[in-house]
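K.L.:
Need coordinates for the following:
(chains A, B and C)
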Amino acid sequence: MRELAGKLLRLDRRAIFVLIALATLIPLLYPVGLPIRVSPEVKRVFDHIESLPAGSVFLLSLDFDPASKPELYPMAVALLNHAFRRDLRVVTMTLWVTGTGMAEKVVSGVASEYGKRRGLDYAFLGYSPGGANVIINMGQDLNAAFPADHYGERTADLPVLRGVRSLRQVNYVVSLAAGTPGVESWYVYGKEKYGFELGGGVTAVIAPGLYPFLDTGQINGLIGGLRGAAEYEILIGMKGKGMAGMDAQSATHFIIIGLILLCNLFYVLAPGTVVRSFDPSAPLRTGSAQDRTGSPQEGQR
Amino acid sequence: MTLFLRRTLPLLLTFLFGVAFAAQYYIPHPVSEGALTEISVWLRIILGFAMILGIASLCQVHYAKIRTRVAGWGYSLVVYLSMLITVAVGFWAGGQETGTGLGWVYTYTLLALQGTMFSLLGFFVASAAFRAFRARSKEATVLLVAAILMMFGRVPLGEYLVPAAGPLAGWLLNVLSLAARRGILIGISLGGIATSIKIIFGIERSYLGGRE
Amino acid sequence: MPGDSGGSVGLSWRAAPFNGPALRYQVFFGEQERGPYTQLAEFPANSHYKSDADRPWWSWDRTKNVHFYQVKSTRTLNLVNGRPYFFKVALTDGTQSLEGPVRSAVPEPNLFNWNKANNLLLMIVFSTLVLISISQAKRRPNIFLRRIPGLDAVEEAIGRATEMGRPILYLTGSDDMSSLSTIAATVILGQVAKRTAALDTQLKVPHRDPIVMAVCQEIVKESYLEAGRPDAYREDSNFFITSDQFSYTAAVDGIMLRERPAANFFMGFYYAEALLLAETGAGTGAIQIAGTDADLQLPFFITTCDYTLIGEELYAASAYLSREPVLVGTLRGQDQGKAFLLISMVIGTILATIGAFTGTQAFVPVLQLFRDFK
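P.N.:
Residues are numbered from 1 along each chain as shown, chains lettered A, B, ... in the order given. Here you go, the predicted model:
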């Protein structure tokens, strides 16, 4: 038994990869549809958009590239659906060059479902290099920052941007971000100077880093990861990719939890294992060891 | 003269602009705001040229590899060909993606490749967790328990099985993690201010390239 | 209005002795003294006090029983700087109205936003602290720094690579030279290079940034010179791959899988590629040491690396190893800044708690010193 435990501890990674692949594929093919609880931080974004009167200016900055599409694209779809339903004036853009194609596709796709007309009901400004400097420029003079939209039409002539000279005239900005420039840049260079309300949508891995901003009111809501996208879809009564992915996420999380519990069981059963109690006088090591020959941690087993 | 242009002038400019735009934050006058707008436009122009420099640097490195036929020089040829084809297709499509060749290249190469690379993380997290989340010590056990609680509480299945898991995971995020994150943010921010001060006052010069 | 860029006017007037909720104030605006006047606002007479404004005590008179109303430029009302405008306030009970005298005001931009004076003061104090610490470190280079335990792991990793006859892979992160963690990474590279020079171990340093590469080339060359092994130095030990995140990651993963370095060092700032790099390295059986202030990537490094320098341990390690006065002084200045903030937070929490329980406003001036005002 102990030898088996020792062998299983050295399980080939590829077996784990296959398990994860199955855990992802099977729920996607055979969804269960478990209930999802809506968190307060996501509800705050929803409530704020709900409170905006028709004709308010809503700026959605799609600051992500194809790598983060699975988490942030469903958020973009859900937010655009909500904004178009509320008849807001939707202005979209991106600060990431490789995200331009995706951003254009999602905006024009959702807009066409609602019969919204480009230039009249929504605008896609496209990409402009400069990151945070673009935000500063937009804060001073939007038409100077984007003289033309993504399709080459003058922004000063677009009916949807009538009366919007800078970010000060924007009612709500949401940045869907996978890194920098992202939500923090929009706060530091945008909201801090120009005073608009700001919400954020980010990948699950960077969401914990934005909770301090949420707690102090620097951002008024936060949609985190695929789970956040699913919650938003529930709020607007839409079945999208966010909800579709939650069963797969549940399955993969449980597979990982199971693997962790099993590996700890094998670890205890495997030959030569001594569970070490904490010795305050020993130098602190924060690493987790590779349990193989030559590892500096081997002596502590 | 060379020393003046390579060292003294950049340091002088760094100092002047650093002090000016640190002060700009405290000066609400429209002249100050106008200066900020102007400088941000210039920065965007410079960043545009930096992209060109990046491409030039890439071309130079890979050309050197092709010329000297180092191991793997074929991949450098692929870099060149891919770049040229994408640029040519981009010009032909007029920079538009919808229904064009550029859109095809974007959707079926860039999107696919970047998505694939990023999705590897999901698999790697699982194998890393299996190999590393072992209760070797009390601290490792705390890490392990926190990770399990978070994973359990952040998915619908976990909340369905144990309704309290969701609020518990939320508490871990909103209280413990938040407190730690704030502490880290303070440290990083102070580090950032210190580095900026050193760069403005010319104490830190390694960003100019080369050593003193 | 104090501290703004113009385009607004603040009106203040002493409260009437007979104020009450049944009475209402009306604010009127006119472009000419003779009129016509437009009503801008109406509110209960027991509201809109100067003491209600969320402004700091050093730039705002919080006299009680003085009303205050700010007239701002809007889409329909455009206040131009330098031009006089005329205002009057009326008190009404719905049937009768008592009008005050007409007053004129000229919106002007301010040269300094006094609301941010505390921010400026804290910045000057901290900057001075850092500069003084650096100058002290230059005069007295042996300032005490506790030894970072991770440095033993660095020695061990280099030793292992030498024994196995395989190269060492060293990454300096994804940020440019203006980032503190990249600077720290290059300093540690210098120390690692000295050891690899002495032990004749191959060093490979792939880069994402050309300037970082140029700096590291010089650092490694100098280290080999200092170790007395200029002959062992290889020009191609530092090489540029690409600046694209995942292309770089794929290339480094390829190097790890093909050349199987015995030790991998991940120093600097990392983004999502952290786990991809570290897990691939772990799969090859290399000993791995990470050092990063990218707190979001720390969990991934901790689970995949043998040792991780967390946050400021990276800066401290580079200062400890190099003993460069600038690094040591900066670290000391930062530590002093953090100590000050820690003490302020403890005292502030105690004062705010006492204030919450007793209802006293006495501690508000102290607490406001650390608040951010616009």
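K.L.:
Pick out the residue in the stretch 51-200 of chain C sitting closest to chain A.
P.N.:
C:Pro149 (4.2 Å; CB to the nearest CB). To be clear about C-beta, it is placed using only N, CA and C from the backbone, and glycine gets the same treatment.
K.L.:
Could you count how many residues lie near that residue?
P.N.:
The tally of other residues near C:Pro149 (other CB atoms under 10 Å in any protein chain shown) stands at 16.
K.L.:
can you tell me how far it sits from A:Leu158?
P.N.:
Remark: distance between C:Pro149 and A:Leu158 (CB to CB, to the nearest Å) = 60 Å.
K.L.:
what's the answer for C:Leu327, then?
P.N.:
Separation of C:Leu327 from A:Leu158 (CB to CB): 52 Å.
K.L.:
More neighbours: these two, which one.
P.N.:
Between C:Leu327 and A:Leu158, counted using other CB under 10 Å, the more crowded position is C:Leu327 (25 against 21).
K.L.:
Quick check, pLDDT for that one.
P.N.:
pLDDT recorded at C:Leu327 is 86.
K.L.:
what does the one 4 residues further on give?
P.N.:
C:Leu331 carries a pLDDT value of 88.
K.L.:
Over to C:Val66?
P.N.:
At C:Val66, pLDDT is 91.
K.L.:
what separates it from C:Arg55, distance-wise?
P.N.:
Distance, C:Val66 to C:Arg55, by CB to CB: 13 Å.
K.L.:
Show me what the strand or helix carrying B:Leu53 packs onto, helices and strands only.
P.N.:
Using DSSP states H and E, B:Leu53 falls within helix B:30-68. Applying 3 or more CB pairs under 8 Å, 6 or more residues apart in numbering or on different chains; DSSP states H and E, we find helix B:30-68 packed against helix A:132-140, helix B:9-24, helix B:73-92, strand C:238-240.
K.L.:
so C:Ala41 sits in a strand?
P.N.:
Yes - C:Ala41: assigned to a strand according to DSSP: H, G, I helix; E, B strand; the rest coil.
K.L.:
Next, count neighbours for residue 162.
P.N.:
Answering for chain A, as no chain was given. Neighbourhood size, A:Arg162 [other CB under 10 Å]: 11.
K.L.:
if you could check chain B rather than the one you did, that'd help
P.N.:
12.
K.L.:
Nearest residue to the closest residue to chain B within the stretch 51-200 of chain C in space, please, no chain neighbours.
P.N.:
Minimum separation of the stretch 51-200 of chain C from chain B (CB to the nearest CB) falls at C:Met177, amounting to 4.0 Å. Take C:Met177 and drop its neighbours on the chain: the residue closest to it by CB to CB, 6 or more residues apart in numbering or on different chains is B:Tyr207, 4.0 Å away.
K.L.:
pLDDT score for the one you found?
P.N.:
71.
K.L.:
how close does it sit to C:Leu180?
P.N.:
Going from B:Tyr207 to C:Leu180 by CB to CB gives 11 Å.
K.L.:
neighbour count winner among these two?
P.N.:
Neighbours were counted for B:Tyr207 and for C:Leu180 using other CB under 10 Å; C:Leu180 has more, 26 against 18.
K.L.:
residues contacting the more buried one?
P.N.:
B:191-192, B:194-195, C:293, C:315 (CB atoms under 8 Å, 6 or more residues apart in numbering or on different chains).
K.L.:
Let's have the residues you listed in TSV, adding distance to chain A.
P.N.:
Shown next, in TSV, are the contacts of C:Leu180 (distance: CB to the nearest CB, whole Å):
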residue	distance to chain A
B:Gly191	16
B:Gly192	11
B:Ala194	18
B:Thr195	16
C:Asp293	12
C:Tyr315	16
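K.L.:
ok, so of those, who is nearest A:Leu269?
P.N.:
Comparing the contacts of C:Leu180 against A:Leu269 with CB to CB places C:Asp293 closest, at 38.6 Å.
K.L.:
Need phi/psi at the closest one.
P.N.:
Reported as degrees, to the nearest 10, the phi and psi values for C:Asp293 are phi -110, psi 10.
K.L.:
what's the neighbour count on it?
P.N.:
27.
K.L.:
That one and C:Glu313 touch, don't they?
P.N.:
No - using CB atoms under 8 Å, C:Asp293 is not in contact with C:Glu313, being 9.1 Å away.
K.L.:
and the worst-scoring helix or strand of chain C on mean pLDDT, how far from the chain's centre?
P.N.:
The weakest-scoring helix or strand in chain C, judged by mean pLDDT, DSSP states H and E, is helix C:312-322 (a mean of 84). Distance of helix C:312-322 from its chain centroid, counting by CA atoms, centre = their mean, to the nearest Å, is 20 Å.
K.L.:
Please, where are all the strands along chain A?
P.N.:
A:57-63, A:89-94, A:122-127, A:172-177, A:197-202, A:222-224 (DSSP state E).
K.L.:
Including distance to A:Thr100, mean pLDDT and mean neighbour count, could the ones you listed go into CSV?
P.N.:
Compiled in CSV, the strands of chain A are given as follows (distance: least, CB to CB, whole Å; pLDDT from 0 to 100; neighbours: other CB atoms under 10 Å in any protein chain shown):
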stretch, distance to A:Thr100, mean pLDDT, mean neighbour count
strand A:57-63, 9, 97, 27
strand A:89-94, 6, 97, 26
strand A:122-127, 4, 96, 23
strand A:172-177, 14, 97, 26
strand A:197-202, 18, 96, 26
strand A:222-224, 22, 96, 26
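K.L.:
residue ranges with poor pLDDT in chain B?
P.N.:
For chain B, applying pLDDT under 70 flags the ranges B:209-212.
K.L.:
Check it for me, the residue farthest from its geometric middle.
P.N.:
B:Leu161 (38.4 Å; CA atoms, centre = their mean).
K.L.:
Can you tell me which of the helices and strands packed on helix B:30-68 is packed in deepest?
P.N.:
helix A:132-140 (a mean of 25; mean count of other CB atoms under 10 Å in any protein chain shown).
K.L.:
what packs against that helix?
P.N.:
Using 3+ CB pairs under 8 Å, 6+ apart: helix A:132-140 touches helix A:142-145, helix A:183-186, helix A:192-194, helix B:30-68.
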